[in-house]
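J.: Model the following, please.
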Amino acid sequence: MAHLLWPGDERAGALVSDAALLTAMVHVEQAWLDALAAEGIAPATADLLRLVDGDDVEEVALAAEGGGNPVLALVGLLRDRVSDPAAASWLHRGLTSQDVLDTALVLCVREALDRVASELRRQLESLVRLAGAHRDSVMVGRTLTQHAVPTTFGLVAATWLEGLLEAAEEVTRVRAGLPAQLGGAAGTLAASTELARLRGVDDPEAASVRLVRRTAEELGLADALPWHVRRTPITRLGDALVTCTDAWGHLATDVVLLCRPEVGELAEPVADGRGGSSTMPQKQNPVLSVLIRRAAIAAPALGATLHTAAALAVDQRPDGAWHAEWDTLRTLARRTVVAASQASELLAGLRVDHDRMRLNLDSAGSGVLSERETMRRVLAETRGTAEAAPPSYLGATPLLIDAALTRARTYLESA
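T.: This is a model prediction of the structure:
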């Protein structure tokens, strides 16, 4: 897929696309119908997975306005195409549209999380390399945009590394607990329980609960209480994605600054057709960092929409708040995948000019060591004598880098 106003969108491929969502909804219907048959409630199941494909997206989408969501049209399409009338009549029984769409969205975003996790791993490996290779590459530390005290690029990279580790850990945590949404019309499982009772199943309430468990297991999701109006699963997904874009935005902002010609300490990887200007041939714009920053700027608002929708979920099924989540979560997931890919490319090919870093530090003059001189002066006033100035003023920088590298290597070995 390509997007004129979101350059790079094609990096996300078909993830969370209309076709992917349609397929995921069919998988939910299939898993539920199979569970109904396994519990002896439905007399038969059927193969639904080959009945619908990407060519049906437009038909389902056009019909979605009538029911307020695409599930009704999909169920109608499936029932028309199932060859066994008995199986067709049991399709979707006990489910509600929110069950199908919520669970399908979780399935699709799970694939996006897997892609993000893979990209994060690549980025961690790149940063381990950068932090190790440049642990002694001294440079000016900057605070509030001004020269502060010396640091090393190794520590800068280690700081990026820590941020990405935290993002990776959050993605892993959220990915491990993704739940299915299966509650029926009002989250009571009343319809599936009644169907079990009418079919003479022993302990219909327990059978209904087993239906949920079977379906969730088949889909590889967690068995959870219905969350029609308890939207924590959605906000957690959104928060994990925003945590990633925050971390990438931080490093991209650093790269944009350090790529400026007057600084010249970093440079983005070179690629044909990238970074040029339509009118100024001398320019080499840090396009990857710019696009990563774009995602980091836009993502928090999307996350906030998910939280607003969660706060406005009413009664047993929301009236509009739920509907506002769908494309918001899809957009956030796709944009996060795009930014993940761009961040991987940026870090894999980032060019570090340690000579320019040294030159900029030397050009900053004695002011960058003024804090050290203040410490020495205070000590001299206390003791009456002055200590000899140390050859550098980098504090515990080597130990801080080592700590970040150890944590990263431990994560990479266990992931």
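
J.: for stretch 341-357, which positions count as buried?
T.: Across stretch 341-357, burial judged by 16 or more other CB atoms under 10 Å covers 341-347, 350, 352-354, 356-357. The C-beta positions use only the backbone N, C-alpha and C, and glycine is treated the same way.

J.: With pLDDT and distance to residue 266 added, can I get these in JSON lines?
T.: Output for the buried residues of stretch 341-357, formatted as JSON lines (pLDDT from 0 to 100; distance: CB to CB, whole Å):
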{"residue": "341", "pLDDT": "98", "distance to residue 266": "20"}
{"residue": "342", "pLDDT": "98", "distance to residue 266": "16"}
{"residue": "343", "pLDDT": "98", "distance to residue 266": "14"}
{"residue": "344", "pLDDT": "98", "distance to residue 266": "16"}
{"residue": "345", "pLDDT": "97", "distance to residue 266": "14"}
{"residue": "346", "pLDDT": "98", "distance to residue 266": "10"}
{"residue": "347", "pLDDT": "98", "distance to residue 266": "11"}
{"residue": "350", "pLDDT": "97", "distance to residue 266": "6"}
{"residue": "352", "pLDDT": "97", "distance to residue 266": "6"}
{"residue": "353", "pLDDT": "97", "distance to residue 266": "7"}
{"residue": "354", "pLDDT": "95", "distance to residue 266": "10"}
{"residue": "356", "pLDDT": "97", "distance to residue 266": "9"}
{"residue": "357", "pLDDT": "97", "distance to residue 266": "9"}
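
J.: can you list those residues in JSON lines and add secondary structure and distance to residue 53?
T.: Output for the buried residues of stretch 341-357, formatted as JSON lines (DSSP: H, G, I helix; E, B strand; the rest coil; distance: CB to CB, whole Å):
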{"residue": "341", "secondary structure": "helix", "distance to residue 53": "27"}
{"residue": "342", "secondary structure": "helix", "distance to residue 53": "31"}
{"residue": "343", "secondary structure": "helix", "distance to residue 53": "33"}
{"residue": "344", "secondary structure": "helix", "distance to residue 53": "31"}
{"residue": "345", "secondary structure": "helix", "distance to residue 53": "32"}
{"residue": "346", "secondary structure": "helix", "distance to residue 53": "36"}
{"residue": "347", "secondary structure": "helix", "distance to residue 53": "37"}
{"residue": "350", "secondary structure": "coil", "distance to residue 53": "41"}
{"residue": "352", "secondary structure": "strand", "distance to residue 53": "48"}
{"residue": "353", "secondary structure": "coil", "distance to residue 53": "52"}
{"residue": "354", "secondary structure": "helix", "distance to residue 53": "54"}
{"residue": "356", "secondary structure": "helix", "distance to residue 53": "55"}
{"residue": "357", "secondary structure": "helix", "distance to residue 53": "55"}
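
J.: can you map out the helices along the stretch 101-250 of the chain?
T.: 153-176, 190-198, 204-219, 232-258 (DSSP state H, counting those that start in this stretch).

J.: now, of these, which is deepest in the fold?
T.: helix 232-258 (a mean of 22; mean count of other CB atoms under 10 Å).

J.: tell me what that one is packed against?
T.: Judged by 3 or more CB pairs under 8 Å, 6 or more residues apart in numbering; DSSP states H and E, helix 232-258 is in contact with helix 97-133, helix 153-176, helix 287-311, helix 321-349.

J.: thinking in terms of the whole chain, how far from its middle is the helix or strand just after that helix?
T.: Past helix 232-258, further along toward the C-terminus, the next helix or strand under DSSP states H and E is strand 266-267. Chain-centre distance of strand 266-267: 26 Å, with CA atoms, centre = their mean, to the nearest Å.

J.: who touches strand 266-267?
T.: 255, 258-259, 284, 350-353 (CB atoms under 8 Å, 6 or more residues apart in numbering).

J.: with the residues you listed in mind, which one is nearest to residue 330?
T.: Nearest to residue 330 among the contacts of strand 266-267 is residue 255, at 28.3 Å by CB to CB.

J.: so what's the nearest residue to the closest one once chain neighbours are set aside up against?
T.: Excluding its sequence neighbours, the residue lying closest to residue 255 (CB to CB, 6 or more residues apart in numbering) is residue 289, at 4.5 Å. For residue 289, the contact set (CB under 8 Å, 6+ apart) comprises 252-253, 255-256, 259, 268, 346.

J.: now swap in residue 222 and tell me
T.: 177-180, 216.

J.: secondary structure class for residue 29?
T.: helix (DSSP: H, G, I helix; E, B strand; the rest coil).

J.: any idea how far residue 104 lies from residue 23?
T.: 8 Å (CB to CB, to the nearest Å).

J.: can you list contacts of stretch 321-334?
T.: 9, 12, 15-16, 21, 68-69, 98, 101, 105, 108-109, 112, 228, 231, 234, 237-238, 241-242, 299, 302-303, 305-306, 308-314.

J.: related to what we said a few turns ago, could I get the contacts of strand 266-267 as CSV with distance to residue 151?
T.: Converted to CSV, the contacts of strand 266-267 look like this (distance: CB to CB, whole Å):
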residue, distance to residue 151
255, 16
258, 12
259, 18
284, 26
350, 17
351, 19
352, 14
353, 16
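
J.: and of those, the nearest to residue 119?
T.: residue 350 (15.2 Å).

J.: So the residue nearest the centre of the chain versus residue 261, what's the distance?
T.: Nearest to the mean C-alpha position of the chain, by CA atoms, centre = their mean, lies residue 241 at 3.0 Å. To residue 261, residue 241 is 34 Å away according to CB to CB.
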